[in-house]
Structure formats: structure tokens, C-alpha cells
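Chemist: structure, please.
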Amino acid sequence: MTQAPSEIPSRDEMDAAIQADLQDLFQLEMVYARGPVSRLYVARDVEYNQPVALKVMPRGPQAGAHAEEAFHEAAAAAAVLTHPHVTPLYSAGATDRFFWYSTEFVPGCSLADTLHTGSPMDLEACLKLADQIAAALDAAHRLGIVHADLKPTNVLLDTSGAVRVTDFWIRWVLEDLGAFGNGDVKDGLGREWPGPYLSPEQRVGREPGPAADQYALGAIIYRCLAGTPPPADDPMAAIAEGRSPMPPPRLTDARPDIPGGIGAIIERALSPAPEGRFETAGAFAAALREPTSLVEEAPHPPRDLAHGPAAVASLERPARHGVGLVSVALLAFVFVGAAGAAWILGLGLTTGQPVASQPAPQPPVVPESAAPPSAYPTVLPDSAARTASIARGAPAAPAATRAPVRRTPRPRAAPPPPRRDVSLAPGRLFISATPWGQVFVDGELIGNTPRVGAPIAPGMHRVRVVRDGFDPFERNVQVAPGQDLRLIDIVLRESRP
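Modeler: Below is the predicted model:
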């Protein structure tokens, strides 16, 4: 059943600390989920007076300037992703105690809610679902962004039934850097216990690429049609035994009414080896629509997979740790240059489950696990100075003694801009930068990058992005009524002494 959020205030110490740190930015209205390392809230953005989904994660002792920089870069990458089936990122920030990010609030329910309360899904409805999720994944992969934690709780269904995929990328980056403050159940690699939607290569510490997202989509479709997730063979045990992990049981064993061609295509997407899957998530979804021709053209690898070193080579390659900061341009280069077999940033996915609360009729639903960033970015007075001295790719800073927690102040309001014709529809500003910086429009601070859909009046404006230790970005822009202005390829250059 859909879980009922808990009202604020709460006696929980973490809720109280989050409320104290972010009260100038958000009004916390209800706790939607409490996971092992995070909280998900329905909140109200103070600046825009609109509901948002707010994800907050405690900041661990190892989360120094390097982790904060990586967090902002991941948010900048995710903010560029705009697609009808992706929940947009609004903003992200950090305090001395927490990382947070906010996204659009999506009334409706999650796919997990639907699966928990219903019987196995009708095939046509499932194929429609697969088309929309695959379109969202393909849009992200073309930008060099992987989801890395796709599961039913991250697939939202709005009130019209349309899919909205949420929780791209950011939380996984923090997990890989060991930036979380706590965690409960762990697997053998020190990560939170993996769920059935995690690919075999991620289970052994490989870096997730587009093929990992495709595996997760295949597992979701299997769950929708079979009624249970696909049981996964233990890849660590397979490697120890010198064999390849075995694929899950055939879908047609659980659903004899499903055509054999559909079952074979899903088996291929669930291939233990990434190279055994489809080239893209979109190709997988297209194959489901035309099963006969595509299965004959590219059959699934045989189920009696070969034994020995060659069979497990793709899973035995060691993981790369401490990859450091990766810009959007570099991510795109990795994917293009490695033809879909590339891997992104290290390992460490989170699959925390929320703590159940009292049921309520038709509560508002927001993303549960690693909900995407939302709201107005936090401005830390010492953040820029602290991170400017950290070289790109430098090792994470050692744990430092934390200063007393203080509330993040709102920036002082600048003199009001010249009066404009308010009868014209405002435009929207989409802006991101690498590394992140503070955004000024006509001399007024509007927050940190990334900013998504910030209202901007029609007319001429001066846009400026600044950060200590870097040359500022400045540009005069002309905004037409209702225009979406996108400045998403800004690269700040380090200042020369």
C-alpha cells in the first residue's frame, strides 16, 4: 500500500536538525520516507512558494571539500537532463551536516505502490511503461549520465498514468565517495545491500554504464509481468566457482500466456554479461514491440553459459576507486568513445527502504529512494573558498573537526532591478556550470548552479556566474516573453596568479 507521510514537526533528531539547517529555504510539510541514510520530504520552496520533493542525506566525516565538489558537479550534470519522462532537478546544496537536492513534486504514485497492491501487469500496459522508461534512459545516456539505481520506487506515475523517472546519478556519486554519514545493512563490498534490480557487474564492484540501467529495466519488466523480481545468481560465488552467473528463470515459466519471443528478449536484457544485452535501452524496448524479427536477428546467448576464465572475464575486472570529478563533457566522451561498454564512476549503490508509517487515503506521492534534487540551492559562505583550493581529481580530504552547526543564511537582497512590463509572460532560465558557481542576474544573487526554470522577465539582462579562484562568466542576454533560455555549457577557468 502507499505509505502515509508523517507530519512535521517530528521528535526524530535528524528531522529536527534538517529543519534547523534548511528552514530559510524550505518549509518541511511532511516526512514521506525514512531510509537508512536519507530522508524524503514533501516541502514548500520558500522562494517560489511551490511544493517540491526534498531529499536530504547526512554528511559523513569523510565528506570534505572534494566530496562537496563532486556532489555539485553531479547535480550540474543531472540538471542538464530534460525529458518528458524525467522528473526535473530544481537545485542542490550542502550544509555542514547534510547534502540535499530537490525535484519537482509529482502527484500520483510510484510503480512500487502499484505493484504492491495489484496483480501481475497486463502485457500491453507493461510495454507502454517500458517504452517511456527506455526513452528517459536513452535521453540520459546520450548526455553521458547513467541512473545507476533504477527500481520501481524511482519510477513515478503521475495522475494521467505517464511515467516520470527520478533519482538520476547524484546519490550514487555520494555513495561511491563514502560521503554518507551512516548506513545499516551492507554487502560484501561495503555498500548497502543490493536489491534485485542491481546488475551483476555492479554487484562485483564494476562501474555502472548504460548496460546496467538496461538490466534494471529488464528486471522491472520481469517484476511487472511475473509478479516477483527475477532472482539473481550470486556473481561473487560464480567467479569463485570459475563460471558465469546464470540468468534468472524464464519469464514464461511464471507467465505461460506471455509469448516466447517476449520472454527471450527480456532474458537477453537480463544477461549476466553486459555485452550480451541490447545496444541501448531504446533498442530493448523496440525489440519488445517487434519480438519475432529482432529475436531472430540477435538471439539471446545460450543459458548453459561456458565455464572457465573466459566466461567470467567481464565480471572479474577490478573496479576503479577514487575516480574523482567528472565533467559532463568527459562523461559524454566516455560513452561515445567506448561504444556503450564504458563504465561511469565507481561503485556503491544504495537501496534503503523507507520506514513504514500509518496508512492514509491517497497521500501525495514523491520519489522514495534518492529522490532528485529540488528547491533553492544552499549558499554556504565558506564553501567556495574551501573548494577552490582543491585540485580537480585530488584525493578526498581527511576527516576534519566540524565547526558548530549553523543555519545557512539567505543572501541579502540586491537593489531591485529596473521595472519591466509585467504584462508579458516571463521566460525561464536554465543554467549550469563546471565547477559550480553563484548566479547573478542584473547584479542580484539568485542561487548556485544548477538552476532549472528560474523565472526571468522579458528584456535585456546581464547574467554572471562567479566562484572564488575562477574567472567569472558574464553574458548579456535578450529574453523573449515565454522563452526558455539555456546556458548549460559554462566552464569556469581557474584564475591565473
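
Chemist: could you use CA atoms for every contact and neighbour count after this?
Modeler: Noted.

Chemist: for this structure, which helix or strand comes out least confident on mean pLDDT?
Modeler: In the chain, no helix or strand scores lower on mean pLDDT, DSSP states H and E than helix 383-388, which sits at a mean of 29.

Chemist: quick check: phi and psi on residue 481?
Modeler: phi -60, psi 130 (degrees, to the nearest 10).

Chemist: show me the contacts for it.
Modeler: By CA atoms under 8 Å, 6 or more residues apart in numbering, the contact set of residue 481 is 424, 425, 426, 427, 457, 458.

Chemist: any low-confidence regions in the stretch 201-350 of the chain?
Modeler: Low-confidence segments of the stretch 201-350 of the chain (pLDDT under 70): 233-240, 243-245, 292-350.

Chemist: can you give me the helices for it?
Modeler: With DSSP state H, counting those that start in this stretch applied, the stretch 201-350 of the chain shows helices at 210-226, 235-240, 251-254, 260-269, 281-289, 291-297, 309-316, 328-337, listed in chain order.

Chemist: now do the shortest one: which elements does it pack against?
Modeler: Using 3 or more CA pairs under 8 Å, 6 or more residues apart in numbering; DSSP states H and E as the contact criterion, the neighbours of helix 251-254 among helices and strands are helix 210-226, helix 260-269.

Chemist: how about the first one?
Modeler: If contacts are counted by 3+ CA pairs under 8 Å, 6+ apart, helix 210-226 sits against helix 123-142, helix 251-254, helix 260-269, helix 281-289.

Chemist: follow-up on the earlier one: save the contacts of residue 481 as TSV, and put in distance to residue 66, pLDDT and neighbour count too.
Modeler: Listed next are those as TSV, based on distance: CA to CA, whole Å; pLDDT from 0 to 100; neighbours: other CA atoms under 10 Å:
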residue	distance to residue 66	pLDDT	neighbour count
424	43	65	13
425	41	79	15
426	37	86	20
427	35	88	19
457	36	89	22
458	38	86	21
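
Chemist: in those, find the pair that's most separated.
Modeler: 424 and 427 (9.2 Å; CA to CA).

Chemist: pull up the overlap in contacts between the two.
Modeler: With CA under 8 Å, 6+ apart, residue 424 and residue 427 have common neighbours 457, 458, 481.

Chemist: one step back: let me know which of the helices and strands packed on helix 210-226 is the nearest to residue 58.
Modeler: It is, among those and with distance given as CA to CA, helix 123-142, at 26.8 Å.

Chemist: list the helices and strands the helix or strand just after that closest one packs on?
Modeler: Next helix or strand after helix 123-142 toward the C-terminus (DSSP states H and E): strand 155-158. In terms of contacts (3+ CA pairs under 8 Å, 6+ apart), strand 155-158 is packed against strand 108-110, helix 111-117, strand 163-165.

Chemist: pipe these into CSV and attach distance to residue 55 and mean pLDDT per row.
Modeler: Putting the helices and strands packed on strand 155-158 into CSV (distance: least, CA to CA, whole Å; pLDDT from 0 to 100) gives the following:
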stretch, distance to residue 55, mean pLDDT
strand 108-110, 16, 86
helix 111-117, 18, 85
strand 163-165, 15, 96
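
Chemist: give me whichever of those is most buried.
Modeler: Sort those by mean neighbour count, taking mean count of other CA atoms under 10 Å, and strand 163-165 sits at the top with a mean of 25.

Chemist: quick one: contacts of it?
Modeler: By CA under 8 Å, 6+ apart, strand 163-165 touches 84-87, 129, 132-133, 136, 154-158.

Chemist: quick one on the thing from earlier: distance to residue 198 added to the helices and strands packed on strand 155-158, as TSV?
Modeler: As requested, those are exported to TSV (distance: least, CA to CA, whole Å):
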stretch	distance to residue 198
strand 108-110	19
helix 111-117	16
strand 163-165	16
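
Chemist: alright, calling it a day.
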